[in-house]
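Undergrad: sequence? don't have it. structure:
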């Protein structure tokens with residue numbers, strides 16, 4: 001079973017960048033699709049990005065496409081989310097998650113981290 005721990009959140013001004021990391025402890029990390037989701041106060045958790053098990057395929061929500069980049073290092077059992085040109089509407093708790101197949105919904109993912117807070121404001 002994958003244990004996931006996110007890091008890298010914080011406060012940043014609009015237009016700034018942050019890099020989130022997710023470290024996995026399981027032995028089967030390289031077999032999982034990895035996803036990033038976010039949840040703002042009072043809102044449902046929403047899909048942000050996903051990357052295939054090999055890292056060869058990625059997919060992004062339209063709201064972040066062109067600004068965020070997801071990548072992974074299977075040797076280090078880690079996945080990252082590089083967030084550029086951040087906007088106040090990107091403020092949320094960000095979660096990484098693991099799934100056995102490509103998915104865009106919360107229910108597609110079996111394993112979740114505890115989340116890391118990202119706040120974008122001036």
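TA: Nice, thanks for sending it over. Remember, it's a predicted structure, so these values are computed and weren't measured experimentally.

Undergrad: can you tell me the centre-most residue of the protein?
TA: residue 36 (2.5 Å; Cα atoms, centre = their mean).

Undergrad: who is it paired with across the strands?
TA: residue 49, residue 96 (DSSP bridges).

Undergrad: tell me where this structure has strands.
TA: 4-7, 10-12, 18-24, 33-39, 46-51, 58-60, 68-73, 78-83, 92-99, 111-112, 116-120 (DSSP state E).

Undergrad: give me the pLDDT for residue 72.
TA: Note for residue 72: predicted pLDDT of 98.

Undergrad: bridging residues for it?
TA: Beta-bridge pairing for residue 72 (DSSP bridges): residue 79.

Undergrad: what count of nearby residues applies to it?
TA: By other Cβ atoms under 10 Å, 23 other residues sit near residue 72. In short, each C-beta sits where N, CA and C put it, glycine included.

Undergrad: check contacts around it.
TA: Residue 72 is in contact with 34, 51, 55, 78, 79, 80, counting by Cβ atoms under 8 Å, 6 or more residues apart in numbering.

Undergrad: kindly recompute the last result at 6 Å.
TA: Residues near residue 72 by Cβ atoms under 6 Å, 6 or more residues apart in numbering: 51, 55, 79.

Undergrad: top of these by neighbour count?
TA: That'd be residue 79 among these, by other Cβ under 10 Å, with 29 neighbours.

Undergrad: tell me which of the strands of the chain lies nearest to residue 105.
TA: Nearest of the strands of the chain to residue 105, taken as Cβ to Cβ: strand 46-51 at 7.0 Å.

Undergrad: list the contacts of that closest one.
TA: Residues contacting strand 46-51 (Cβ under 6 Å, 6+ apart): 33-38, 58-61, 64, 68, 70, 72, 104.

Undergrad: what is the burial count for residue 110?
TA: Neighbours of residue 110 using other Cβ under 10 Å come to 13.

Undergrad: could you measure from it over to residue 64?
TA: 23 Å (Cβ to Cβ, to the nearest Å).

Undergrad: ok, residue 27 next?
TA: 31 Å.

Undergrad: what's the answer for residue 7, then?
TA: From residue 7 across to residue 64, the span is 19 Å (Cβ to Cβ).
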